[in-house]
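# Let's see this in three dimensions:
(chains A, B, C and D)
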There are 2 protein chains.
Amino acid sequence: MKISLDQFDKAFENRIRLQIMSVLVANESYDFNSLKELLELTDGNLASHLKALEKEAYMEVQKSFIGRKPNTRYSVTEKGRAAFKKHLQALENLIKQQKN
Amino acid sequence: MKISLDQFDKAFENRIRLQIMSVLVANESYDFNSLKELLELTDGNLASHLKALEKEAYMEVQKSFIGRKPNTRYSVTEKGRAAFKKHLQALENLIKQQKN
DNA sequence: TGAAAGTGCTTTGATTTTCAAAGTTAATAA
DNA sequence: TTATTAACTTTGAAAATCAAAGCACTTTCA
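Residues are numbered from 1 along each chain as shown, chains lettered A, B, ... in the order given. The predicted structure is shown next:
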């Protein structure tokens, strides 16, 4: 019995990136500060994980102003959604593994 | 909406340890060389991940001989089984997350 | 006008994790 | 006795993670 892990995505191995993605697939978009509070991260740390996901083109950024305040929102791309789904499928397969 | 991650287990964040655990919960026991082949790892790498799980008392080792050959088998402990279950539950919660 | 505070970063540096490769021990086989 | 197999341990390098500090820009407050 062979475990297929070609579906497993290194970008989602990290707990924080997994959380970010799960927030983003469940919400149209999410802004920097809300994510920061939700995940209880320093902004540097959050920014670097966001950057990692952006580098894979799994999410994209929209910058705007709310009133006079800058507001950066993140949303998952189609590519990200597909990759995440695939990853979850890989986890599921792993778990539902049969006896050898 | 708060994401509870107190259930999330750092020992299972790594892909390889996740694989090992899923093999061990699905099988009574599994031996070193079979695991090595299954997961396509160097023996040093496998041994170190096994050690990490053993350190948490998530699995235990039985050494014996098959014919004249030494054979090391690993099996999940009750603690390990419970921890793994809890971890999978955490993943599930994360994924089934509702909109904020 | 000047100081403080907020937003969203980037940079830095330290710690931790991961991994392959090489070395090790102990047994058996040829 | 030399080789081989099993199962590690050690070593060292690379990658990942993270907090803290620094930064650019803007707004708000005194």
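# how about the residues of chain A that lie near DNA strand C?
Residues of chain A found near DNA strand C (Cβ under 7 Å from any atom of the strand) are A:31-33, A:43-44, A:47-48, A:50-51, A:61, A:63, A:69-72. Every residue, glycine included, has its C-beta placed from N, CA and C.
# and DNA strand D, which of the residues you listed reach it?
The residues of the residues of chain A next to DNA strand C that also fall near DNA strand D, by Cβ under 7 Å from any atom of the strand, are A:43, A:44, A:48, A:69, A:70.
# Check those residues against DNA strand D and report the nearest one.
residue A:44 (2.4 Å; Cβ to the nearest atom of the strand).
# Going along the chain, name the helices of chain A.
Assigned by DSSP state H, chain A shows helices spanning A:15-26, A:32-39, A:43-55, A:78-95.
# Highest mean neighbour count out of those?
helix A:15-26 (a mean of 21; mean count of other Cβ atoms under 10 Å in any protein chain shown).
# check whether stretch A:8-23 contacts chain B.
Yes - Stretch A:8-23 comes into contact with chain B (Cβ under 8 Å from any Cβ of the partner chain), by way of A:8, A:10, A:13, A:14, A:15, A:18, A:19, A:22, A:23.
# give the contact list for the fourth one.
Looking back up the chat, that one is residue A:14. Going by Cβ atoms under 8 Å, 6 or more residues apart in numbering or on different chains, residue A:14 touches A:49, B:13.
# which one among the residues of stretch A:8-23 next to chain B gets closest to residue B:84?
Distance to residue B:84 across the residues of stretch A:8-23 next to chain B (Cβ to Cβ) is lowest for residue A:15, with 15.8 Å.
# Go through the helices of chain A and name the closest to residue B:83.
helix A:78-95 (14.2 Å).
# ok and that closest one relative to helix B:15-26, angle-wise?
On the basis of axes from the mean of the first three to the mean of the last three Cα atoms, to 10 degrees, helix A:78-95 is oriented at 40 degrees to helix B:15-26.
# can you tell me if helix A:78-95 touches DNA strand D.
No - figure legend: helix A:78-95 not in contact with DNA strand D (Cβ under 7 Å from any atom of the strand); closest approach 14.2 Å.
# Many thanks, we can stop here.
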